[in-house]
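Q: no sequence on hand, only this structure:
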């Protein structure tokens, strides 16, 4: 995947940069490898640094509304200072680590509706910075995450959409300033008590925090119920996830959301946005947002699977950035 773009910040005759990803598909906690290819312009250029940033489209709540922005959630400098001579071709290899909490954007070769992630190349010359090169990247689930996603499908859930919400999940080990919500429509046997279920993974080297939010039907013990499960990656591969999820959902209608406190099962904690956190035992309803429907994840799995947010950009520009790159790719 190569995107050629003249560095407009430096004027006519400036160097150009191509970023080539050797690993356009990655997993959380993995390595992103490739090379940055530079072509000198009409003059010698003193390069101060080349930095790669992982960026994603995120949803930001403000007042009674919600907007989109581009959040940079990981940075790695891949080159220090050097002189790029007039007309010179230079290649810089890179290998950078991917945060464990990097959101999932693709399953079995199928893109998750609502997700947009990329690698942005930043080149600094004479204290001017150009962030013009953006490569789209696909993030596939870890095997432990895929097992849980498959369990939803086995129970008859249908994928709705996915997005990234700015904020912190209360009581979790979350490190990034946003979290991913993967939304499902419930199967018929639970449709009477549950409207939607949102799944969030907080991954780390040792395992997963699995956080569920069920939007319960009106009149059934309140609005939402929260379930949590913390487990190692290896143990997750041998857990009866369809059974765990089915028991949790059945408990919502039977016990009003208080089911699941047993050892090793789903418990119920607070879940908050931004600076507003619910307390333990009192899940906080944080609203639901309309998204475009995506393909059913049954087809998706069958196809191939058995620091700080940077400056936020207006939603229109976000769409233009990612859509332009998708067209070029």
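A: Done, it's in. Note that this is a predicted model, so its numbers are computed, not measured. Numbering: from 1, shown residues only.
Q: ok, now which ones touch residue 241?
A: Remark: with contacts taken as CB atoms under 8 Å, 6 or more residues apart in numbering, residue 241 is in contact with 147, 148, 150, 151. For the C-beta atoms, the positions are set from N, CA and C on the backbone; glycine is no exception.
Q: at 6 Å what do you get?
A: Residues in contact with residue 241, defined by CB atoms under 6 Å, 6 or more residues apart in numbering, are 148, 151.
Q: what do you get for residue 230?
A: If you count contacts by CB under 6 Å, 6+ apart, residue 230 has them with residue 209.
Q: mind telling me what element residue 99 is part of?
A: When secondary structure is defined using DSSP states H and E, no element contains residue 99, which sits outside every helix and strand.
Q: any idea how far residue 117 is from it?
A: Distance, residue 99 to residue 117, by CB to CB, to the nearest Å: 11 Å.
Q: which one of these two has more residues nearby?
A: Neighbour comparison, residue 99 and residue 117: the larger count goes to residue 117, with 22 against 17 (by other CB atoms under 10 Å).
Q: my read: the more buried one touches residue 102, true?
A: No - contact between residue 117 and residue 102 fails when scored by CB atoms under 6 Å: they sit 7.6 Å apart.
Q: quick one: the helices in the stretch 101-250 of the chain?
A: Counting by DSSP state H, counting those that start in this stretch, the stretch 101-250 of the chain has these helices, from start to end: 143-154, 233-236, 241-255.
Q: Serialize the ones you listed to JSON lines and add fields for distance to residue 32.
A: Compiled in JSON lines, these are given as follows (distance: least, CB to CB, whole Å):
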{"stretch": "helix 143-154", "distance to residue 32": "18"}
{"stretch": "helix 233-236", "distance to residue 32": "20"}
{"stretch": "helix 241-255", "distance to residue 32": "29"}
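Q: name the stretch among those that sits most buried.
A: Highest mean neighbour count of those: helix 143-154, a mean of 20 (counted as mean count of other CB atoms under 10 Å).
Q: mean confidence score for the helix or strand harbouring residue 92?
A: Residue 92 is located in strand 89-97, with elements delineated by DSSP H and E. What strand 89-97 shows for mean pLDDT is 96.
Q: over to stretch 74-86?
A: Here stretch 74-86 scores 94 as its mean pLDDT.
Q: first to last residue in it, what's the distance?
A: With CA to CA, to the nearest Å as the measure, the ends of stretch 74-86 fall 32 Å from one another.
Q: check stretch 89-105 too.
A: From its first residue to its last, stretch 89-105 covers 34 Å (CA to CA).
Q: so which bits of that stretch are buried?
A: For stretch 89-105, the neighbour count (16 or more other CB atoms under 10 Å) marks 90, 92, 94, 96, 98, 99, 100, 101, 102, 103, 104, 105 as buried.
Q: related to what we said a few turns ago, can you redo the helices of the stretch 101-250 of the chain as TSV with mean pLDDT and distance to residue 190?
A: Output for the helices of the stretch 101-250 of the chain, formatted as TSV (pLDDT from 0 to 100; distance: least, CB to CB, whole Å):
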stretch	mean pLDDT	distance to residue 190
helix 143-154	94	11
helix 233-236	96	22
helix 241-255	81	5
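Q: residue 99 is in contact with residue 30, correct?
A: No - because the distance of 10.0 Å does not satisfy CB under 6 Å, residue 30 is recorded as not touching residue 99.
Q: could you pick out the longest strand of this structure?
A: The residue-count maximum for a strand in the chain (DSSP state E) belongs to strand 45-62.
Q: residues contacting that strand, please?
A: Contacts of strand 45-62 from elsewhere in the structure, counted by CB under 6 Å, 6+ apart, are 15, 36, 66-84, 96, 116-120, 122-125, 163-166, 178, 318.
Q: next SSE downstream of it?
A: Toward the C-terminal end, the helix or strand that comes next after strand 45-62 (DSSP H and E) is strand 65-79.
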